[in-house]
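Colleague: The sequence and its predicted three-dimensional model are supplied below.
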Amino acid sequence: MTAAAVPTNRAVPAGFAARLKAATQADHTAAEGSAFVGALLDGRLPRAAHAGLLAQTHLVYDVLEQAVAAQADVAEVRPFLHPGLRRLPALEADLAYLLGPGWRADLVPLPATARYVQRLRDVAFDSPTALVAHHYLRYLGDLSGGQVIRRLVGRAYGLELDGLRFYVFDDVGRVKPFKDAYRASLDTAPWSPAEQQAVVEEVGLGYRLNAALLADLGTRWMAGFSPR
């Protein structure tokens with residue numbers, strides 16, 4: 001056996017997608033631990049609380065999808081885009097079902113939502129790395145964990161498809177290959193170490209902004225609520 005063929009125990013560095021997930025795991029876990037979401041999934045809040053979550057989510061996706069359209073021709077952004085990811089039509093259908101034809105009157109941002117939306121306006125229209133950071137956080141998060149929310153909220157509030165269309169991603173094809181391809185695009189994106197770190201920091205900020213949004217929803221819907 002030649003020297004070049006001698007096996008080593010040196011670990012192969014993980015790709016950027018894996019490093020991104022690891023670096024933002026604490027912020028992700030904190031957002032997932034929302035008391036509001038826990039009560040919603042257990043069916044311990046009124047169904048209107050589910051509509052309230054979708055209304056705040058609509059405000060976020062409205063700006064995010066405007067930013068996607070603004071940067072759709074940017075080479076660094078194109079690999080992450082897929083028409084089946086677009087969420088606004090599904091959100092609008094859900095809100096119309098849950099709240100009726102006057103649903104737009106409920107699109108009033110909570111303070112944390114206003115801060116989240118302002119951050120998107122500040123960075124996602126001009127910076128490819130910032131847009132991809134928020135795109136990754138929202139779409140892959142709702143494509144993954146959103147399936148659990150869909151099942152549990154449906155069971156708790158007697159919903160099947162109407163009222164839950166936001167969580168249906170049928171147009172992206174099989175979920176695992178789609179997510180694998182998305183992560184591969186993160187691994188091959190032509191970013192310097194400094195640009196990769198900017199993505200990590202923006203994803204972490206995005207998780208914290210989302211956690212604050214959920215906390216505001218808790219304040220709105222859980223007043224006088226005693227957890228089990």
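Modeller: Right, received. Where do you want to start?
Colleague: So for this protein, which residue is the most central one in space?
Modeller: residue 138 (1.8 Å; Cα atoms, centre = their mean).
Colleague: Quick one: residues contacting that residue.
Modeller: Neighbour list for residue 138: 60-61, 64, 206 [criterion: Cβ atoms under 8 Å, 6 or more residues apart in numbering]. No exception for glycine: its C-beta is placed from N, CA and C like everyone else's.
Colleague: if we go to 10 Å?
Modeller: The contact partners of residue 138, by Cβ atoms under 10 Å, 6 or more residues apart in numbering, come to 57, 60-61, 64-65, 85, 87, 120, 146, 206, 210.
Colleague: Residue 87 too?
Modeller: With Cβ under 10 Å, 6+ apart as the criterion, the residues that contact residue 87 are 57-58, 60-62, 64-65, 94, 138-139, 142, 146, 165-169.
Colleague: Distance check, it against residue 67.
Modeller: According to Cβ to Cβ, to the nearest Å, residue 87 stands 13 Å off from residue 67.
Colleague: How about residue 109?
Modeller: Separation of residue 109 from residue 67 (Cβ to Cβ) stands at 17 Å.
Colleague: Look at the two and report which has more neighbours.
Modeller: Neighbours per residue, other Cβ atoms under 10 Å: of residue 109 and residue 67, the larger number sits with residue 67, 21 against 17.
Colleague: If I look at that one, what pLDDT would I see?
Modeller: At residue 67, the model reports a pLDDT of 98.
Colleague: again with residue 8
Modeller: The score at residue 8 is 45. That number is its pLDDT.
Colleague: thinking again about what came up before, out of the contacts of residue 87, which are inside helices?
Modeller: With helices identified by DSSP state H, the entries of those that belong to them are 57-58, 60-62, 64-65, 94, 142, 146.
Colleague: who's in contact with the lowest-mean-pLDDT helix or strand in the chain?
Modeller: Of all helical and strand segments in the chain, the minimum by mean pLDDT, DSSP states H and E falls on helix 25-32, at a mean of 89. The set of residues external to helix 25-32 that reach it, using Cβ under 10 Å, 6+ apart, is 21, 24, 37-38, 137, 141, 145, 203-215.
Colleague: buried subset of those?
Modeller: If you count burial by 16 or more other Cβ atoms under 10 Å, the buried members of the contacts of helix 25-32 come out as 21, 24, 37, 137, 141, 203-215.
Colleague: In helices only, show me the residues you listed.
Modeller: Counting by DSSP H, the part of the buried ones among the contacts of helix 25-32 found in helices is 21, 37, 141, 203-215.
Colleague: quick one on the thing from earlier: ok, the residue nearest to the centre of the chain to residue 77 distance?
Modeller: Residue 138 sits 14 Å away from residue 77, taking Cβ to Cβ as the criterion.
Colleague: just residue 131 next, same as before
Modeller: In terms of Cβ to Cβ, residue 131 sits 6 Å off from residue 77.
Colleague: So between these two, which is more surrounded?
Modeller: More neighbours sit around residue 131 than around the other of residue 131 and residue 77, counting by other Cβ under 10 Å; the figures are 25 against 19.
Colleague: who wins for neighbours among the ones in helices among the contacts of residue 87?
Modeller: Neighbours here are counted as other Cβ under 10 Å. On that basis the top member of the ones in helices among the contacts of residue 87 is residue 94, with 27 neighbours.
Colleague: Alright, that wraps it up for me.
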